[in-house]
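# no sequence for this one, just the structure:
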């Protein structure tokens with residue numbers, strides 16, 4: 001593995017995961033709930049921005065690598081899964097929606113790995129519905145992390161609705177990838 005800016009940003013995103021989790025389990029005598037919500041939201045949004053930034057820098061600086069291509073989606077999935085587990089524990093997210101999202105991530109990751117092994121990686125390349133699912137969950141999670149009302153705007157309510165929308169899009173995108181892979185699965189299964 002070569003050290004470069006894109007890989008460093010990905011490693012920083014991974015390092016942020018325990019910080020995100022730890023924030024919610026600090027003693028209440030140390031920090032206020034509002035501070036925790038705000039800090040966790042800022043940390044998650046910053047991690048999401050670095051996800052875009054590391055890909056941009058890898059292309060711009062011509063520093064793409066097989067290791068970076070492997071680690072980047074792993075970092076994303078770990079951050080989302082950690083946030084969802086914490087949100088379920090806090091009672092801010094529905095466990096079923098979180099399980100749908102996390103289960104799909106594991107299933108599609110395994111499918112992509114297997115398809116790459118049989119030389120059919122392009123069959124399950126990222127589709128628009130997958131990008132839409134990701135965008136929806138990346139808006140829902142910060143709303144759920146913040147949770148505090150902003151005037152008449154209720155981030156918790158909107159976050160819950162958006163998380164369920166992400167769960168529905170998760171199922172649609174998983175069906176899309178499974179249908180695309182089905183001929184290869186039948187042939188090599």
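Thanks, I have it. Predicted model only: the values in this text are computed from it and were never measured.
# show me where pLDDT drops low in the protein?
Within the chain, the stretches with pLDDT under 70 are 1-2, 121, 123, 189.
# what segments of it are helices?
Using DSSP state H, the helices of the chain run over 5-23, 33-60, 66-89, 95-117, 128-146, 155-188.
# what's the most buried one of the ones you listed?
Greatest average neighbour count among those goes to helix 128-146 (a mean of 20), per mean count of other CB atoms under 10 Å. C-beta coordinates here come from the backbone N, C-alpha and C atoms, glycine included.
# how much space separates the closest residue to residue 146 other than its chain neighbours from residue 76?
Nearest residue to residue 146, sequence neighbours excluded (CB to CB, 6 or more residues apart in numbering): residue 41, at 4.3 Å. Distance of residue 41 to residue 76, given as CB to CB, to the nearest Å: 17 Å.
# residue 57 now?
Counting by CB to CB, the gap from residue 57 to residue 76 is 16 Å.
# same check, this time on residue 161
22 Å.
# nearest residue to the middle of this structure?
Most central in the chain under CA atoms, centre = their mean is residue 80, positioned 3.6 Å from the mean C-alpha point.
# hmm, who's touching stretch 147-167?
For stretch 147-167, the external contacting residues (CB atoms under 8 Å, 6 or more residues apart in numbering) are 33-34, 37-38, 92-94, 96-98, 100-101, 133, 136-137, 139-144, 146.
# and stretch 33-44, by the same measure?
The contact list for stretch 33-44 (CB under 8 Å, 6+ apart) reads 16, 19-20, 23-24, 26, 31, 79, 83, 141-142, 145-148.
# what is the nearest of those to residue 117?
residue 79 (25.9 Å; CB to CB).
# so who does the closest one touch?
Listed by CB under 8 Å, 6+ apart, the contact set of residue 79 reads 13-14, 16-17, 20, 44, 47.
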